[in-house]
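**Student:** Let's see this in three dimensions:
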Amino acid sequence: MNGPLRLALVGTGFLAHTRARCWRRVYGHAVEVVVASRDRARAAAFAREHGLAGAHTIDEALADGSLALVDLCVANRAHRELTERAARAGKHVLCTKPLTAFWGQGLAGDASAEAVASTDRATMLARAVEDAEAMLAACADAGVRLFYGENWVFAPAIRRAAELGAAAQGTIRELRGWESHSGSHSAYARDWRHTGGGALLRLGAHPVGAMLWLKRREGARPVSVTAELAGEANALEGAGTCAIRFDDGCLGIAHGSDHMLGGMQSHLTVLASDHRFECALSPIDTLRAYAPEHGTFGAEPIMEKISGQAGWTTPIPDEDWSSGQQGLLQAVADSLASGAAPEADGALGLETVRVLYAAYQSAAEGRRITLR
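**Tutor:** Next up, the predicted model:
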């Protein structure tokens, strides 16, 4: 990569704001960011807010030969289309989690939310995996990189645990991970046609991705999935748990929930034959604060999803860093500059999608699903 890394941040929602902050702090590389949206006015307002280099429509960004990368912060249903278009335009792709989802592709006409939700889960699994495989193939054929935006892989707690684990002699025997909070920021998250799943897909994707990454480092792969969901049939689940069996006998338990009040909880436990790790991403107690009432600290943020400032809280000194979002973008920039293979790549995204939709099939059919 010669000269600055010029990229298009595609989307203007909650995640795009996080990415705009983090791209600004990438070190060791000159980075220039433009924002792209289907709505030019929205893109222009976003660019002004974050001091970005420019604002484009998506079509303009994909046609801009000076842009080397697109960072996709868009609804799940747009991931495959935009990845394939970007690859054809010769651009590397960073795609947020989950890599793909089932939102009704293959159904006749403009399918309703009810029609999408009632699709049998084996079909959902097949279509989501098909899309993920197509994204990997499009990038491989075009000779561009597909980065999977799993920030947990780059969270400092998990990175350090992986380093210590690599120095140990033991192997991981059990993994337990969860992300829980009080519900998504996005209205899209409440519609099957945009998300393709509920809390297990949106939140459980993080611990699942981290578990698969850690076990991939040991040469192990998932072989079966069993799951349970909370909620009515065909509704977007408010909570879900899946058990992942690996081919070396390791068991991973991943949980996602929208029922957690009092701020977000993101945690990974690693139980190995000769060590144990407790990886806290949120909350962390390096800082504790007390306020007699909400508003004491003005508009200053405390942590994601907390409802107020009153009482004792645990303000996170740098949530972008502790969550791994900052490390993710640093890793993407480093990889493009050095030519090194991504640690969180399209293959990790594909395997995460396969596990998550096998979990939906397991919950619907009441049985263990063997992965091919």
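**Student:** What lies in contact with the helix or strand where residue 41 lies?
**Tutor:** Following DSSP states H and E, one finds residue 41 within helix 40-50. Applying CB atoms under 8 Å, 6 or more residues apart in numbering, the contact partners of helix 40-50 are 12, 16-17, 20-21, 24, 33-37, 52-57. The C-beta positions use only the backbone N, C-alpha and C, and glycine is treated the same way.
**Student:** In the stretch 1-150 of the chain, where is pLDDT below threshold?
**Tutor:** Residues of the stretch 1-150 of the chain that meet the criterion pLDDT under 70 lie in 1.
**Student:** Would you map the helices across the stretch 51-200 of the chain?
**Tutor:** 58-63, 79-88, 113-117, 121-142, 156-167, 192-195, 199-202 (DSSP state H, counting those that start in this stretch).
**Student:** Deepest-packed of the ones you listed, please.
**Tutor:** Highest mean neighbour count of those: helix 199-202, a mean of 28 (counted as mean count of other CB atoms under 10 Å).
**Student:** Toward the C-terminus from it, list the very next helix or strand.
**Tutor:** helix 205-217.
**Student:** buried ones in stretch 301-317?
**Tutor:** 302, 303, 304, 305, 306, 309, 313, 314, 315, 316 (16 or more other CB atoms under 10 Å).
**Student:** same thing with stretch 64-80?
**Tutor:** The neighbour-count check on stretch 64-80 (16+ other CB under 10 Å) flags 64, 67-80 as buried.
**Student:** Start and end of it, how far apart?
**Tutor:** 20 Å (CA to CA, to the nearest Å).
**Student:** and if you look at stretch 64-71?
**Tutor:** Stretch 64-71: ends 14 Å apart by CA to CA.
**Student:** picking up where we left off before, which of the buried residues of stretch 301-317 fall in helices?
**Tutor:** For the buried residues of stretch 301-317, not one is inside helices, with DSSP state H as the criterion.
**Student:** could you dump the residues you listed to TSV with pLDDT?
**Tutor:** Shown next, in TSV, are the buried residues of stretch 301-317 (pLDDT from 0 to 100):
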residue	pLDDT
302	93
303	93
304	91
305	91
306	91
309	94
313	94
314	95
315	95
316	95
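**Student:** Not counting its own residues, what contacts stretch 330-349?
**Tutor:** With CB under 8 Å, 6+ apart, stretch 330-349 has contacts from 1, 5, 26-29, 31, 68-69, 92, 94-95, 97-100, 132, 135-136, 139, 145-150, 153-154, 209, 212-213, 216, 328.
**Student:** How much space separates residue 184 from residue 251?
**Tutor:** Distance, residue 184 to residue 251, using CB to CB, to the nearest Å: 28 Å.
**Student:** who has more neighbours, the two?
**Tutor:** Of the pair residue 184 and residue 251, residue 184 is the one with more neighbours under other CB atoms under 10 Å, namely 18 against 15.
**Student:** Show me how this protein divides into domains.
**Tutor:** Per automatic domain parsing, the structural domains of the chain span 5-150, 152-326+354-370.
**Student:** which residue packs closest to the residue lying farthest from the centre of the chain, ignoring adjacent ones?
**Tutor:** Most distant residue from the mean C-alpha position of the chain: residue 292, 35.7 Å away (CA atoms, centre = their mean). Of all residues not flanking residue 292 in the chain, residue 310 sits nearest, at 6.9 Å (CB to CB, 6 or more residues apart in numbering).
**Student:** measure that neighbour to residue 253 for me?
**Tutor:** 34 Å.
**Student:** Could you do residue 152 as well?
**Tutor:** 15 Å.
**Student:** Of the two, which one has the most company?
**Tutor:** The neighbour comparison of residue 152 against residue 253 (other CB under 10 Å) goes to residue 152, with 29 against 17.
**Student:** Next up, the contacts around the more buried one.
**Tutor:** Residues counted as contacts of residue 152 (CB under 8 Å, 6+ apart) are 158, 206, 207, 209, 210, 266, 268, 281, 323, 324.
**Student:** quick one: contacts for the first one?
**Tutor:** If I follow you right, that is residue 158. 152, 210, 214, 268, 279, 281, 324.
**Student:** And it, what's its pLDDT?
**Tutor:** Confidence at residue 158, expressed as pLDDT, is 98.
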